[in-house]
Every structure is written in C-alpha cells, then in structure tokens.
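[1] give me a model of this one.
(one chain, ligands or ions: 2)
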Amino acid sequence: KPGDHAAYIKLALFLAMKSPPKPTNYRVGAVLVNATTNEILSTGYTLELPGNTHAEQCCFEKLAATHAIDAKKLSEVLPDEVALYTTMEPCSVRLSGNLPCVDRILGIGKKIKTVYVGVQEPEKFVSNNSGRGRVERAGIEFVHVAGLEKEILEVATAGHVTEKDS
Ligand SMILES: Nc1nc(=O)c(N)c(NC[C@H](O)[C@H](O)[C@H](O)COP(=O)(O)O)[nH]1
Ligand SMILES: [Zn+2]
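    Ligands and ions are numbered 1, 2, ... in the order given. Here you go, the predicted model:
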C-alpha cells in the first residue's frame with residue numbers, strides 16, 4: 001500500500017537471502033517499483049546474474065533484458081516515477097573496479113525519483129560511501145528506511161569470516 005516503504009525493504013531483504021555468501025562483498029537485495037501504481041517492475045540480489053553483479057545492477061539488467069535493450073536505455077521504458085528500494089545504499093566505488101551502482105542509477109536519467117535504503121554501507125570495504133551525496137546532487141531523493149538494520153547487516157555479512165571463526 002502507498003507509503004509502506006518498510007514492506008519493500010523487507011521484500012528486498014528476503015531477496016538478499018538468496019545471494020550466495022562471499023567474504024568480499026555484501027549480500028544485498030533490491031526492488032524497482034512504479035511509485036505511481038506500486039507495481040513491482042524488477043527485483044535483484046547480489047550475484048543473481050552471472051559475474052560479480054550487484055543487486056541494483058541485477059534489477060536494471062533483468063528489466064532491460066525483458067525489453068531487449070541495454071540497461072543504459074532503461075529511461076525509455078520506465079514509467080515517469082520510479083523508486084529503487086535496496087537493503088544497502090548503492091555503492092559509489094567497487095573494489096573490483098566494476099561500474100558502481102550510483103553511476104548506473106544516474107545513467108538511467110530522471111525516471112528514478114527516490115532511492116530507499118535499509119542501511120548505509122559499513123566501512124569494511126569502502127569507507128564513507130559517497131553515494132548519498134551524488135544521488136542527492138542529481139535531484140534524486142535518498143531516504144533511509146529505519147528498523148531493519150540488524151537483520152539487513154546479518155544477511156549482508158553472512159559470508160564474512162568473523163573474529164570468532166578465525
Ligand atoms: N549496494 C550494494 N549492493 C550489492 O549488491 C553489493 N554487493 C554491495 N557491496 C558493496 C561493496 O563495497 C563491494 O561489494 C566491494 O567494494 C567489493 O566490490 P565488488 O562487489 O567485488 O565489485 N553494495
Ligand atoms: Zn553496487
């Protein structure tokens with residue numbers, strides 16, 4: 001229902017649980033929603049598509065594939081008001097050197113009006129993720145949906161070796 005942002009973050013968290021644990025990234029889930037109709041346009045989770053793929057990237061690439069276009073051209077097929085829900089804020093730098101998700105979001109153009117995130121990126125791989133600033137400077141609203149941080153981080157870091165294991 002309108003405004004129930006936590007429900008979409010919960011769905012994204014459910015998707016994140018499908019992601020194969022890996023020590024060098026986070027398990028993240030993402031949902032792309034038509035903000036006018038609340039229709040779900042696409043979903044994605046880390047490593048869902050072949051290669052070292054991110055949840056948000058999978059959302060975009062899966063939707064582009066249904067239209068047989070490149071993800072860079074998604075603004076041609078997206079409705080006017082789209083919201084991206086992701087359990088963790090989009091990356092601004094990737095240690096692998098792959099294109100960060102903030103750049104993918106900005107490349108889609110004006111259709112994505114709001115990015116809702118469950119948690120900000122922890123300082124483990126990339127310190128002070130500059131994604132929020134870049135997203136807001138592009139005129140996209142960046143909203144932290146509070147309440148699921150503990151669960152989101154538990155899922156996100158499930159592949160990480162912790163002190164007690166080592
Ligand atoms: N928002 C987000 N969605 C994801 O699906 C994912 N895996 C991350 N993770 C952020 C983390 O900073 C990068 O995973 C590391 O920087 C390693 O980079 P690669 O993933 O190997 O390109 N962040
Ligand atoms: Zn990313």
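[2] what's the helix or strand for residue 83?
    Using DSSP states H and E, the secondary-structure element containing residue 83 is strand 82-88.
[3] after that strand, next one along is what?
    Elements were assigned by DSSP H and E; along the chain past strand 82-88, the next helix or strand is helix 101-108.
[4] for the next helix or strand after that next one, name the packing helices and strands.
    Following helix 101-108 in sequence order, the next helix or strand is strand 112-119 (DSSP H and E). If contacts are counted by 3 or more Cβ pairs under 8 Å, 6 or more residues apart in numbering; DSSP states H and E, strand 112-119 sits against helix 5-16, strand 82-88, strand 141-144, helix 149-156. (C-beta placed from N, C-alpha, C; glycine too.)
[5] mind running it again at 10 Å?
    Contacting strand 112-119 under the criterion 3 or more Cβ pairs under 10 Å, 6 or more residues apart in numbering; DSSP states H and E are the following elements: helix 5-16, strand 29-34, strand 82-88, helix 101-108, helix 131-137, strand 141-144, helix 149-156.
[6] which strands and helices lie in contact with the first one?
    Pointing back at helix 5-16 there. When contacts are defined as 3+ Cβ pairs under 10 Å, 6+ apart, helix 5-16 packs onto strand 29-34, strand 39-45, helix 55-66, strand 82-88, strand 112-119, strand 141-144, helix 149-156.
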